[in-house]
Structure formats: structure tokens, C-alpha cells
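In: below is the sequence, then the predicted model.
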Amino acid sequence: GKPGILKVWNGKGWELLIPDVETIKKETMEQVNKDIKLTKEELNKKVEEAQKEASGQFKEVKNSLQEVSQTIKNVQNSQGEINKTVSEMKQTNEGFTKSIESLTKKDGEITEKLNTVAETAEGTEKTISEVQQTTNALKKTTTEITEKAGQISEKLESVEKKVNNDKAGGRNLLLDSNVKYEKTDYLINPYSLTENFSTGEEYTFVIKGSVPKGQKFGIWQNGGSNNVGYATSVYANGITYVTFKAAAATSGNERKLSLYNFPSNTTKAIVEWVALYKGNKPQDWIPAPENQVTSDEFTKKTTEIEKSVDGIKESIKMAEKTQTSFNERVNTVEKNAEGTTASVKKLQETQTQQGKTLTQAATTIQQHSEALKLTMKKKDVEDYVGGLGTVNELRDADFKLGQKYWFWNSGNGAIGSVDTNLKYKGMNTFAITVTGQTQDRWWGLTSQFIECQVNEEFVASGYFNTDGKTPIDSGGAFIEIEWWTADKKTRIKTARTNIKVVNHTWVRAVCSDKAPANASFVRWRYYVTRNGRLWCAAPMLQRGTVATEFWLHPKDQTDVDKMIEDIANRVATEDYTKKVTELERNISANEKGVSIISGKQETFINETYNAYVKKTESRLEVLDEGILAQILKDGIITSINMSPGKITIDAEKLNINADTMVKWLTAKGIDTNLIRIDGDKITIDKDGVTVKMLDFLFQDEWGTKTTAVSRRNLIADPDFSSVTKKNIGHNDYYGFEGGYGLTWKSWGDVVIEKNTHIFDYEQMVNAARVDMYNYPEAIVNNGIHPGNEYTASAHFRTAMINGVRKTGKPRIHVCCVKFRDNVSYEILSEQKMDFPEPSTFYGEIRRYSFTFKVPTNYIPQQYALIIKVCSGNADMRQGTAICVSGVTLYSGKYAS
């Protein structure tokens, strides 16, 4: 999926599937660098010349046959500061020229201004330019106006390039200095410097954070050996500092500085950021240059207007490159006697934590005396993560239900609300706007509490946008994961990722973390640190480490057909890494009628250039004699054709929802002689109703589907009733003793609970406690046929170990085996599936099922199936286990 290589046929010719932004960036960058280089060379040359000139006013007059000129110069040159003005008028046999130039240098900043008018027999040229050079930027602005017979041309251009020039003492020497810490310990963090300490030299350490009363932030060199000061001097609200002289560094500690919470290690310290500067002046936080992305940043704007007897041409172009994005926008208008053509084009590349996204868009309007045509084309290229992934744990992620599942800040300068106007892929979005704050508030949007287990991994994600009208200040914006105790009163820890916002562009941010000790609940959150406006869309919180493509929580899925299609699409695109979405909209009106076309094509690709394509298109044509409506999806056409007195509908499926009186109705498979409805009586076939191979399905709250049609369980003893319950001398457990001649036998030490009412959770018949190594297995050889599908299911619940509820991932493991004798066997193939851990909080029973296919080489007389019910990660040696009972095996896709 490399830009500028892969091409597709658009029906007229080959076009690039992925826009070649790198080539455009390279060409633009080369031109900008060339302009900047020449401008700097000319500016430096003029400054050098001015520095050599003496102060004063000078006048020079030339009078000859070839030239008459007059120059007036005023120079002020003192202690490196320059103020120079030159006014010149020149007349030759070719024309007349006059110019005014000024050059100023003060406090390291240089400004040059030039105004020139040249008049010849061909016409008049006017040029006005201004060059400004500061410590971190160079900007050149030029206006050119050319007047000729029958033609006037205007060109306005501005080029600005940022330059990294660190002032002395203004460089943060600490790496990774804006990582947030919340710790209850002496040592908060050992920081690394970008250069060695200079013994005896003054440094200033600045910190934004808080400690309880009686505590203070202390800094040490050489590990914890040399205390060099405490940050107690106030610089600003919530920001303190200390100036110190560096101690002699020991070997290995030349670039180390440790931050401590002193004197107690039982209090909580919060750190937002730190900084270390040379000298005795504290400053606000800036990143160390080594932490900055090396990138040439520039902005180039050009406006061109050409007026002639043939018409008017206008062109406005802007190219902008920052550390995170590249934008090129072009607006062109052409007007002549035949009509008007206007086009707006945009090419945008945005760099996020997850990779690059590209957007290419163009809108064209063509207006002539007898026709009007509007066209919009847009292409988005983004990194893609397919597959089913894990469930989105956030409810109402499309923001349809208000504050039922969300909490947001409002009042005191914060405005939070669902936005139904700014949509993301057709979904509502949420906006937070915070103004007027002088200290950090961390206001935004927070999810409800979601249950978690210690060491369980979660990944949070979302899409974010801003309009820049209420700027996000230096505090930035973040997506965050919060970990909470079981009583939901104490926040244990947070993990967050800075959201790199781009104006008017949806960017994705992802944050992942592992549940710490004592964590029982997790929350998703985003916020602006102090002031700013930020929209959020498609939030997700998933178990695991990979954020997949967005989808809603299963309970928020209302369109079953769409959900099934979405799942099928995710499975089909699992192996692809990039997604190209192309949109095209056309509206045209002429003497024949009006035509509206809306098309969308999604192309999924990977580095091998394999592709999976989905295409949809809708067309509406309104003509004098009728109306044609047509929908194309993946090669299937559905259409409605209306003409006077006749309507033709061509569709695979037709839903009619109306109060309708029909004289007659026929369709394939339905005969009114066989189906009759009379009042409250329905007759289907005179011999009755026959149902063949039909499933009536039930879906529980966990999403598990079972059939309501009774079927034969191929496991003879589903709840271990035939198992001998051996007395092992324990008040709460029996020993599980299966064996030869019984359905079940056990591996390792399996026990059955006998006092479930004491444990105070949902009771289960003969609940067997299992883990990865201790579990029962059943032999099944009757009713098994090669190539057929079967569904194994079992009921799982949390277990009790030493009076404490414990859990693990349930596993159903199916093996196809060949017996060597009555006891041992050889495994020919195996299939297994793990499921989410049952809750220790609720203690409820969950049923999970696993559908598998028997190998086609299965020989019924010689082979058998072994069904194992165990855990994928529980280990009783580590104090974790689960309980299982109610094991079934049915033919087909669903358990009964």
C-alpha cells in the first residue's frame, strides 16, 4: 500500500489508489527552501553592507544621456542596531523606476521592506515585499501587480518557515519531562539529562505538581547521595522551583537527577511536568529538543488573479507543514462568456500515534447557459485494524441516550453537550468547551464504571477534532484510563495519551494499560487540561492491547442485519492493514432532466497489494417522462422505475409497511389457495403445517444463542451426577472420582463444592472446581460423523479458594483421538476456545458455547471425541480457579 504505486481503473483511465503526498511535499519543500535560502542570503548581504556604512544622510544624483537618477539614503548604525532607508528614482530610455527600501535590525530581529514601481512601454509592474527574520522564524510577503494592454495580473505570496534557535538558558535539559506521575513513595522518578552536569554551575529545576502539607519536592544527584535542594519557591500557581549549584557527579551519574517526595513515603505526590534550565531563571515547560520531532515547518500562501478580455482567472493556494501534518488547499475560479467553473481541492496528511492518515478532496461547480453540474470527490487513506477484536465495553458510544451512561462537566466555564450537527461517519459526537480557567481543571467526558480484574489489559481509543476557535492551551488534551478500588471511592492510578489535535480533522488517539493491584473497576475518559474546545467521536474501551475498528456495544446494536454484515466485513478484512475510502457525489441539471449520483468504494489492502473491495452507489434521475431510482451494492442492483401509469420494482427482498387493500397478491412460494386469513383464523395447507430443519433461537444477556428446539445431548452425564463424590475430609468440598465405565474421568485434583449457600453466589449443581491442569474430560463416540458441525457448551462461575472468590478464563477444549487401549489415546487434532472471566463481584453463572467441525477423515468405528472443560489461565497454585457444570454437546450450530 505505498503511495504513488498502486493504481486502479476508474472507468476512464488509471488513477493512484493512494495519493502521492511525499512527491508533492518534496516539490513544495524544495521550492520553499529555495525561496528561504535566497531571501536569507540577500537579507544577510544587505545587513553586512549596512553594518559597514557610516551613520548619516546622503544624497546622490546622476545625470547623463543614458540615465537620470536620484538616491536619498538615511543610515543609523549603532552598537549592532541598524535603521536604514533608501529612496531611489531612475529614468532611462526604456522606462521609469522608483523604489523605497527600509532595513531595520534590533534585538536580533531583522525587517526589510521594499516598494518598487517600474513603468515601460509594455506596461506597469508594482512590487511590494516585506521580509521579517526572528530567532525562530523567517517570513517573506510579496505583492506583485502587472498591468499590460488588455490584461491585469495580481500575485500575493507569503512564505513563513520556522527555525529552531534555542536561546541560551532556554533549553530544557530533562528528557521525557511531561510524563505524569501519581506515587506514594520516596522516589518519584529518576530523570535523564541531555548533557553532563557542569560542577559548580547554576541550574534551575522547575516542577508543576502537588504534595500534601508538610511534604516537599526534593532533588538529588548521584542517585540519592547528594541533596541539591527543595522546589519550594513559587513561580506560578501550582508551579515551584529551586536554583542550585551542581555537585560533582560520580561515575554513571553525570546525566542523572532524581526527584523525591520528602520527608514521608506514605503520602501521595502528583507530578504534571518538570524542567531543568541552566542559570537562575525559572521558565515554563518546553520539551527538550531531543524529544521534539525533527521537522521543517512552513506555511506558503499564494493568491493569483488574472483579468483579460477573455475572462477572469482566480487561484488561491495554501501549503502548510507542521510536525504532525501537511496541508495543501487550492481554490480556482474561471469566468468567461461561456460560463463559470469553480473548483476547491484539498490534500492533507496527518501523523498520529497510530500512523498516517491521508485525505484528498475536490469539489467542482460548472455553470453554463443550459447546464449546471456539481461534483464532489473525496478519498481517505487510513491505517486499518480488522478482525472481531474484543467487545467495546462502553455503552452508548454513538451518543444517542444523553447522560444515561456518561458523566460530563457543565457550568463554571465548562460547556459539555452531545453535538448532533458535527457527525463522524453518521454518528453523533460529544463536545467539551472550557474557557476562563487560570488553573488546570481536567474537564471533559467520563464513562460509567466497568468491572476489571487485576493485571487485565485494556485499550482505550477515540477520534478527536477541534475548530481552533477556542484554542487548546499549553496544558493540552488527553485520553485517559482510570483504575478504581472495589468501593469506587479511591482512584488507584491513571494512564493517559496526549491527543495531537489538528484543526477540522478527525485524529485517533489510543491509550493502553494493565490493571494494577487492588483494581476492581476501570473508566474511560477524555479532557482538556485547562482551556479549549474538543470534540470526541466513536469512543471505545476494549479488553486487550489492540484497538480495532470502531463498533458499538452489543446491547446498543439495534439493526441485526447491519450487525451481521459488520461482523462478516471485519472477518473478511482481518488480514488487511490499510483502508482507502472513496466518495463521489454528482448533481447535474440540463435540458433532459436532473441526475443525482452518490457512490462509495472501500478498498482494503496490505503490503502484498492483495485487495478486498466494497462498492455501493445510489442514482436518482428525474426526467420529464418518469423517475428512475437505483441502488448498486457489491454488484447487486435494486431499482424502481416510474413512468406514467406504471411502476417497476426490481429487488431481491421487498418490505411493505402500510395499511393496504390489495385485490390479489402472488409471489414465488406463496399461493392464495394454500394460505387463507379470515378474521382471527389462519389456515395453512389443508393437511396442516410442516416445519423442517427450523431453529427458534434465544439470546441471553451475554450474547450466547441457544435453540428452543429440543435436541439430544450427546454427553450422557451433563452435571457429573454419575461421578463418585469422595470424602476428602473437607467441610466444603468432595473429591471428584470418575473413571473407567463412567462418562467422566478427571485429570489432577478436581473437587466438587458441597456448601454453595455459604459461599453466597449463584448455586450450580455439582460445581466442579478446575484450572489449567486439574479438570474433567468426557469421551463421546456415539452420534459423531465426519465433516459435521457440533456445538459444545458449559456453564461457568467464579470459584472459592480459602474463603475468597477467584476466577479465570473458561475454556472448552475438543480433541479428536484414537485410543491405544481402554485408557490412553493419541490426539489426532484439537480445537479450543477461551471465554471472558466470570465476575467475582456478581458471582453469576455464565453459559458459553463453542461450535466446531469434525475432521472429514474422522472414522466413527475407530476414533472418538474428548471434551475437556477447564481454564485458559487459572492456576490453583497461584490461587485462581473457576467452577463448571452443565456440559452439553449438540449436533449443529447452536446448543439447546
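Out: Now that the structure is in, tell me what you want to look at.

In: what are the boundaries of the strands in the stretch 251-400 of the chain?
Out: 256-262, 269-278, 298-308, 311-321, 325-336, 339-352, 355-368, 372-383 (DSSP state E, counting those that start in this stretch).

In: in the fourth one, which residues are buried?
Out: Residues of strand 311-321 classed as buried: 313, 314, 315, 316, 317, 318, 319, 320, 321 (neighbour count, 16 or more other C-beta atoms under 10 Å). All C-beta atoms are positioned from the backbone trio N, CA, C, and that covers glycine.

In: what's opposite the third one in the beta bridge?
Out: Meaning residue 315. residue 304, residue 332 (DSSP bridges).

In: leaving out chain neighbours, which residue sits closest to residue 760?
Out: In space, and not counting its chain neighbours, residue 760 is closest to residue 843: 7.2 Å by C-beta to C-beta, 6 or more residues apart in numbering.

In: could you measure from that neighbour over to residue 798?
Out: Separation of residue 843 from residue 798 (C-beta to C-beta, to the nearest Å): 6 Å.

In: residue 435 too?
Out: 48 Å.

In: so residue 39 sits in a strand?
Out: No. Using DSSP: H, G, I helix; E, B strand; the rest coil, the assignment for residue 39 is helix, not a strand.

In: is residue 890 in a helix, a strand, or coil?
Out: strand.

In: next: residue 596.
Out: Strictly by three-state DSSP, residue 596 counts as strand.

In: that one touches residue 586, doesn't it?
Out: Yes. With contact defined as C-beta atoms under 8 Å, residue 596 counts as touching residue 586 (7.2 Å).

In: hang on, the earlier thing: so residue 435 and residue 798 - more neighbours on which side?
Out: residue 798 (24 against 12; other C-beta atoms under 10 Å).

In: got the contact list for the more buried one?
Out: Neighbour list for residue 798: 761, 805, 806, 807, 838, 839, 840, 843, 882, 883 [criterion: C-beta atoms under 8 Å, 6 or more residues apart in numbering].

In: what is the nearest of these to residue 340?
Out: Comparing the contacts of residue 798 against residue 340 with C-beta to C-beta places residue 839 closest, at 65.9 Å.

In: touching, that closest one and residue 807? I think so.
Out: Yes. Between residue 839 and residue 807 there is a contact under C-beta under 8 Å: 7.3 Å.

In: neighbour count for the two, which is higher?
Out: residue 807 (24 against 16).

In: residue 87 is nearest to which of the strands of the stretch 251-400 of the chain?
Out: strand 298-308 (28.5 Å).

In: okay, the closest one in CSV with CA atoms only?
Out: What follows is strand 298-308, C-alpha atoms only, in CSV (Å, rounded to 0.1, in the frame of the first residue of the first chain):
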residue,chain,number,x,y,z
PHE,A,298,6.4,26.1,6.9
THR,A,299,3.4,28.0,5.6
LYS,A,300,3.1,29.2,2.0
LYS,A,301,0.1,31.2,0.7
THR,A,302,-0.4,32.4,-2.8
THR,A,303,-3.2,34.3,-4.4
GLU,A,304,-3.2,35.0,-8.2
ILE,A,305,-5.8,37.0,-10.2
GLU,A,306,-5.6,37.4,-13.9
LYS,A,307,-8.0,39.7,-15.8
SER,A,308,-8.1,39.8,-19.6
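
In: angle of it against strand 325-336?
Out: With axes from the mean of the first three to the mean of the last three C-alpha atoms, to 10 degrees defining the directions, strand 298-308 sits at 0 degrees from strand 325-336.

In: in strand 298-308, what counts as buried?
Out: For strand 298-308, a neighbour-count test (16+ other C-beta under 10 Å) marks 298, 299, 300, 301, 302, 303, 304, 305, 306, 307 as buried.

In: pLDDT and distance to residue 279 added to those, as CSV?
Out: CSV is the format used below for the buried residues of strand 298-308 (pLDDT from 0 to 100; distance: C-beta to C-beta, whole Å):
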residue, pLDDT, distance to residue 279
298, 70, 32
299, 79, 33
300, 77, 37
301, 80, 39
302, 82, 43
303, 81, 45
304, 80, 49
305, 79, 52
306, 81, 55
307, 79, 58
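
In: tell me the one among these nearest to residue 825.
Out: residue 298 (71.3 Å).

In: quick one, domains of this protein?
Out: 21-164+295-369, 181-291, 406-562, 578-684, 697-891 (automatic domain parsing).

In: can you redo the ones you listed as CSV with distance to residue 376?
Out: Shown next, in CSV, are the domains of the chain (distance: least, C-beta to C-beta, whole Å):
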stretch, distance to residue 376
domain 21-164+295-369, 5
domain 181-291, 40
domain 406-562, 16
domain 578-684, 4
domain 697-891, 40
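
In: ok, of those, where does mean pLDDT dip lowest?
Out: Looking over those, mean pLDDT reaches its minimum on domain 578-684, with a mean of 66.

In: wait, is residue 877 part of a helix?
Out: Yes. Under three-state DSSP, residue 877 sits within a helix.

In: can you give me the distance of it to residue 144?
Out: 82 Å.

In: now do residue 404
Out: On the measure of C-beta to C-beta, residue 404 and residue 144 end up 60 Å apart.

In: please say which of the two ends up with more neighbours.
Out: residue 144 (16 against 9).

In: tell me the secondary structure for residue 42?
Out: Going by three-state DSSP: residue 42 is helix.

In: for residue 46, same thing?
Out: helix.

In: am I right that it is in contact with residue 112?
Out: Yes. Using C-beta under 8 Å, residue 46 is in contact with residue 112, at 6.7 Å.

In: shared neighbours of those two, anything?
Out: Common neighbours of residue 46 and residue 112 (C-beta under 8 Å, 6+ apart) are residue 103.

In: who touches both of residue 843 and residue 798?
Out: 761, 805.

In: can you pull out the helices in the stretch 751-896 of the chain?
Out: 756-759 (DSSP state H, counting those that start in this stretch).

In: make that the chain, sorry
Out: 21-52, 560-572, 756-759 (DSSP state H).

In: list the contacts of the nearest residue to residue 428 once chain neighbours are set aside.
Out: The shortest distance from residue 428 to any non-neighbouring residue, by C-beta to C-beta, 6+ apart, is to residue 399 (4.0 Å). The contact partners of residue 399, by C-beta under 8 Å, 6+ apart, come to 406, 418, 427, 428, 429, 430.
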